[in-house]
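[1] below are the sequence and a predicted model; questions follow.
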Amino acid sequence: MPTSPNQRAKLLYLMKILLEDTDEQNPLTIKELITELATYNIQAERKSIYSDLEILRLFGLDIETQRDKTTKYYVAQRQFELPELKLLVDAVQSSRFITEKKSSELIDKLSTLTSKPQAQNLNRQIYVSGKTKSFNEMSYYSVDAIHAAIIEKKKVEFKYFDYDIQKNRVYRKNGEIYQVTPLTLCWDSDKYYLVAYNAEHSELRHYCVDRMSDVKVSDDVDDAFDTRETCVSDHIGRVFGMYGGEPICARLGFDNSLVNVVLDYFGKDITLIPKDNDWFDIVVDVSVSPVFLAWIFQFGNRAEIQSPDSLIDAMKKLLDENAQNYKSKSD
């Protein structure tokens, strides 16, 4: 009887079947394993399957048995447990940075890390309030290029653009290539930002990865930056919400109902100063920026800026300017 070309790979196909088709809820008998091998045009005897299963166990595959009327076999422990894969799938689906197309591709790949029956549980729909997916497909690869540049201690090159009212790209500097020394990637408000040293202006700057195109590792080595870690940390700390503004130490007051919101925003290390039964204060460094002021404003009379006067004046100015816009419309 002629031998199938796949016959020599019997052990590999057996491992493939076990990984793809079995789990604790879906074990297979020896007879069923032989039948599955036959679909790959591989012949097998019961005795050889026992031997192959033992070899796979010695190789490290966690093959367990279930005994009832017949003995069944399945892969138990895997590199990723099902709850871990569900968590990863949820993160991919809810990430604004990852496009719909790339999300689908990543989830398909994650599904191969468990059995086909369990993979059906990964078809999850996550609703993320107020968020839309990125439509810059190349951002995924831009991040990889930036990481490569950091590791190789090279500069990174890219074009930087804005969108016009028709959602068309309008490149800054007439499409001129930016060349900067990448220091780190920062994740803020569900977006990636490149924090880099811009030698042309001798300062740290940040760039939204969603609005970078043609990103590649430069042939030029990066600029020397001895105090890199400290400067990067200070820069990120100053740039509140990724919008510029002068850093300032502020005392803020909040209603007790906002404890969770404050801890989520500023971190659990911040000191809460009880003021009375209904109110608490914090002292924190913030940036004098519309982003911070808008964040405070959303809580109405449940939050207030207590000091310094310059920050209070900034809030008053912002409120007056916006009030004027609506006053002219109502008159």
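    Arrived safely.
[2] drop to CA atoms for contacts and neighbour counts, all remaining ones
    Will do.
[3] any idea how many residues pack against residue 166?
    Number of residues near residue 166 (other C-alpha atoms under 10 Å) recorded here: 6.
[4] for it, helix, strand, or coil?
    Following DSSP: H, G, I helix; E, B strand; the rest coil, residue 166 is assigned to coil.
[5] quick check, pLDDT for it.
    pLDDT for residue 166: 78.
[6] again with residue 292
    Reported pLDDT for residue 292: 85.
[7] repeat for residue 234
    What the model reports as pLDDT for residue 234 is 63.
[8] run through this protein and note the low-pLDDT ranges.
    1-3, 124-137, 189-190, 225-246, 328-331 (pLDDT under 70).
[9] where do the strands sit along it?
    28-29, 63-67, 71-75, 154-163, 169-171, 178-188, 191-198, 203-208, 212-221, 246-255, 273-276, 279-288, 303-307 (DSSP state E).
[10] quick check: residue 33 vs residue 203, distance?
    Residue 33 is 64 Å from residue 203, where distance means C-alpha to C-alpha, to the nearest Å.
[11] of the two, which one has the most company?
    Shown here are residue 33 and residue 203; by other C-alpha under 10 Å, residue 33 has more neighbours (20 against 10).
[12] need the contact list for that one.
    With contacts defined as C-alpha atoms under 8 Å, 6 or more residues apart in numbering, the neighbours of residue 33 are 14, 17.
[13] one step back: nearest to residue 93, of the strands of the chain?
    strand 191-198 (14.2 Å; C-alpha to C-alpha).
[14] got the domain boundaries for this structure?
    When the chain is parsed with automatic domain parsing, its domains come out as 7-75, 82-122, 141-238, 242-330.
[15] for the last one, the distance to its chain's centre please.
    Its chain's average C-alpha position is 28 Å from that of domain 242-330, according to C-alpha atoms, centre = their mean, to the nearest Å.
[16] same thing with the longest one?
    Here domain 141-238 is found 18 Å from its chain centre; the criterion is C-alpha atoms, centre = their mean.
[17] okay if I get the strands of the chain as JSON lines plus distance to residue 46?
    Listed next are the strands of the chain as JSON lines, based on distance: least, C-alpha to C-alpha, whole Å:
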{"stretch": "strand 28-29", "distance to residue 46": "10"}
{"stretch": "strand 63-67", "distance to residue 46": "16"}
{"stretch": "strand 71-75", "distance to residue 46": "13"}
{"stretch": "strand 154-163", "distance to residue 46": "58"}
{"stretch": "strand 169-171", "distance to residue 46": "64"}
{"stretch": "strand 178-188", "distance to residue 46": "54"}
{"stretch": "strand 191-198", "distance to residue 46": "55"}
{"stretch": "strand 203-208", "distance to residue 46": "60"}
{"stretch": "strand 212-221", "distance to residue 46": "55"}
{"stretch": "strand 246-255", "distance to residue 46": "72"}
{"stretch": "strand 273-276", "distance to residue 46": "72"}
{"stretch": "strand 279-288", "distance to residue 46": "71"}
{"stretch": "strand 303-307", "distance to residue 46": "73"}
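[18] of all those strands, which lies closest to residue 115?
    For these, the distance to residue 115 is smallest for strand 71-75, at 8.8 Å, taking C-alpha to C-alpha.
[19] mind listing what's buried in the closest one?
    Buried residues in strand 71-75, counted by 16 or more other C-alpha atoms under 10 Å: 72, 73, 74, 75.
[20] which one of those is nearest residue 183?
    Nearest to residue 183 among those: residue 75, at 43.1 Å, using C-alpha to C-alpha.
[21] was I right about that closest one contacting residue 56?
    No. Counting by C-alpha atoms under 8 Å, residue 75 stays clear of residue 56, with 10.6 Å between them.
[22] find residues that contact each of these two.
    Residues touching both residue 75 and residue 56 (C-alpha under 8 Å, 6+ apart): residue 63.
[23] what about the nearest residue to residue 182 once chain neighbours are set aside, distance to residue 11?
    Excluding the flanking residues, the one nearest residue 182 by C-alpha to C-alpha, 6 or more residues apart in numbering is residue 196, at 4.4 Å. The gap separating residue 196 from residue 11 is 51 Å, by C-alpha to C-alpha.
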